[in-house]
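Chemist: Make a model of this:
(chains A and B)
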Amino acid sequence: MPPHDKAKLFEKHTLPYLDPLYAYAHSLTGNGVEAEDLVQETFLKAFRAFDSFKDGTNLKAWLFRILKNTFINEFHQKKRFEEFGGNGSEDEAYEKLIAAQKTEAAQPNVEKDVFGGSFGDEVAQALDALPPEFRTAIYMADVEEMSYEEIAEVMEIPIGTVRSRIARGRKILQVRLRKYAKDAGYIKGGG
Amino acid sequence: MALCKNSLEKISAYVDRELSRSEAEALEAHLSACGLCRKVLRATRMEKDLLKHTYSPMKAPARLAKRIKADIREKSTTVGFYAYDISHDAYLIESLPQRPFDIVSASIQETAAFLSKFVGFPVHVPDLAYAGFGMKGGRLWHTVARISALIVYEDASGNAVSLFEIKKERVRRSGATEVVADNKSFYLGKAYGYNGVVWLQRDVAFGLVGGLPHDKLLEIARAAAANLEQ
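Modeler: Coordinates of the predicted model:
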């Protein structure tokens, strides 16, 4: 295929996913500037690998997977995973997260008195507490409304793992979101 | 909230409509009897709603599509990926059957003129003598993405480093570990046992690669940058 046609074909098929990929990148990086770079790099990588893409495979899942791997392997440089014991098992990492959250809860929370910033910022902050693998699983279920089977394809993990990651990640997320939800009137009072 | 531990995962899957009919019915029966699990259900639905409403409406800035289209045609890259790429290139060059340099000259001017003519932009050849490195030769290196000039230096103990040069526009400043030294940003990357240090100076993206550790490479990179300032 002439190079020019390849570029056109690629753009035609992939650019419709630009907005969802950008939103997902935003959920990972927590800011627009890095999200743009991450998406840009994802498209460049996808373009380089486009020849190996087989018709009939799930293009959307493929693009999300490239973005996730780019973020974890090169962009994010595994910082968070190392923080939470990336060399250990997922269970260990999860236990550390829960422990970290308990320590945080026991300390006087300065942020509690701080209002301001948009609601989206607060959701982003809450998400930031989760390692990218947990965040991705929840994000795909909530925002992209993917089935667990599709999420398993994006993340290259078994469906059972998808299910447990979503449940465990949500437990952490819900504690963090509680305050914001109250402020926004989602839930009332002491609950 | 640690009660009904088994229900937690069930409730989560229920909200995502991932339970079978019989599982869903069993859970619904439990929910009608358990206030705590109903609370968890509400919190889960709230969280799902929040995420959906935060991210679904998000639109990529219009410039992003333009940047991507330009990228696909020009294949530019971020500085972090460039550091990674040249480390990979250094590995490739080393593992290929030995091929003579495209230019071997003791003259900095002659080497720079030769390489510049082929790559189509002014190549700068720093003098690394006072960092202990002598010039061995120059090479032109083609990858799918670009053409680079590279100059190979070696010290008295046989440690070789390669200095890659491409046009600055091809490299974007983001997504890498940044070290600031001498009021300049240096970016670190590595691949296949090779380390890379990238910096932008004049109109060129310089990438110094070698088997040496990052701190040693950074020292040489700083010497090269200082030499080019003169």
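Chemist: Where do the helices of chain B begin and end?
Modeler: B:5-15, B:21-33, B:35-55, B:62-74, B:79-95, B:108-119, B:214-229 (DSSP state H).
Chemist: Give me whichever of these is most buried.
Modeler: Compared across these, helix B:79-95 shows the largest average neighbour count, a mean of 22 (mean count of other CB atoms under 10 Å in any protein chain shown). (Each C-beta comes from the backbone N, C-alpha and C, glycine too.)
Chemist: Among the helices of chain B, show the one with the smallest mean pLDDT.
Modeler: Ranked on mean pLDDT, the bottom entry among those is helix B:79-95, at a mean of 76.
Chemist: Turn the helices of chain B into JSON lines, including distance to chain A.
Modeler: As requested, these are exported to JSON lines (distance: least, CB to the nearest CB, whole Å):
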{"stretch": "helix B:5-15", "distance to chain A": "4"}
{"stretch": "helix B:21-33", "distance to chain A": "12"}
{"stretch": "helix B:35-55", "distance to chain A": "4"}
{"stretch": "helix B:62-74", "distance to chain A": "5"}
{"stretch": "helix B:79-95", "distance to chain A": "7"}
{"stretch": "helix B:108-119", "distance to chain A": "21"}
{"stretch": "helix B:214-229", "distance to chain A": "14"}
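Chemist: so where's chain A shaky on pLDDT?
Modeler: In the prediction, chain A carries residues with pLDDT under 70 at positions A:1-4, A:74-120, A:180-191.
Chemist: Mind naming the longest helix for it?
Modeler: Using DSSP H, we find that the single longest helix of chain A is helix A:159-183.
Chemist: helices or strands next to that helix in the packing?
Modeler: Using 3 or more CB pairs under 8 Å, 6 or more residues apart in numbering or on different chains; DSSP states H and E as the contact criterion, the neighbours of helix A:159-183 among helices and strands are helix A:90-106, helix A:119-127, helix A:132-142, helix A:148-155, helix B:5-15, helix B:35-55.
Chemist: then the longest one to PDB, C-alphas only?
Modeler: The C-alpha trace of helix B:35-55 is given here as PDB (Å, rounded to 0.1, in the frame of the first residue of the first chain):
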ATOM      1  CA  GLY B  35     -29.100  -2.500  54.900                       C
ATOM      2  CA  LEU B  36     -25.300  -2.400  54.800                       C
ATOM      3  CA  CYS B  37     -25.200  -4.000  51.400                       C
ATOM      4  CA  ARG B  38     -27.800  -1.600  50.100                       C
ATOM      5  CA  LYS B  39     -25.500   1.200  51.200                       C
ATOM      6  CA  VAL B  40     -22.600  -0.400  49.300                       C
ATOM      7  CA  LEU B  41     -24.900  -0.700  46.200                       C
ATOM      8  CA  ARG B  42     -25.800   3.000  46.400                       C
ATOM      9  CA  ALA B  43     -22.100   4.000  46.800                       C
ATOM     10  CA  THR B  44     -21.100   1.900  43.900                       C
ATOM     11  CA  ARG B  45     -23.800   3.400  41.600                       C
ATOM     12  CA  MET B  46     -22.800   6.900  42.700                       C
ATOM     13  CA  GLU B  47     -19.200   6.200  41.900                       C
ATOM     14  CA  LYS B  48     -20.100   4.800  38.500                       C
ATOM     15  CA  ASP B  49     -22.300   7.800  37.800                       C
ATOM     16  CA  LEU B  50     -19.600  10.200  38.900                       C
ATOM     17  CA  LEU B  51     -16.900   8.700  36.700                       C
ATOM     18  CA  LYS B  52     -19.300   8.600  33.700                       C
ATOM     19  CA  HIS B  53     -20.300  12.200  34.100                       C
ATOM     20  CA  THR B  54     -16.700  13.400  34.600                       C
ATOM     21  CA  TYR B  55     -15.100  11.700  31.600                       C
END
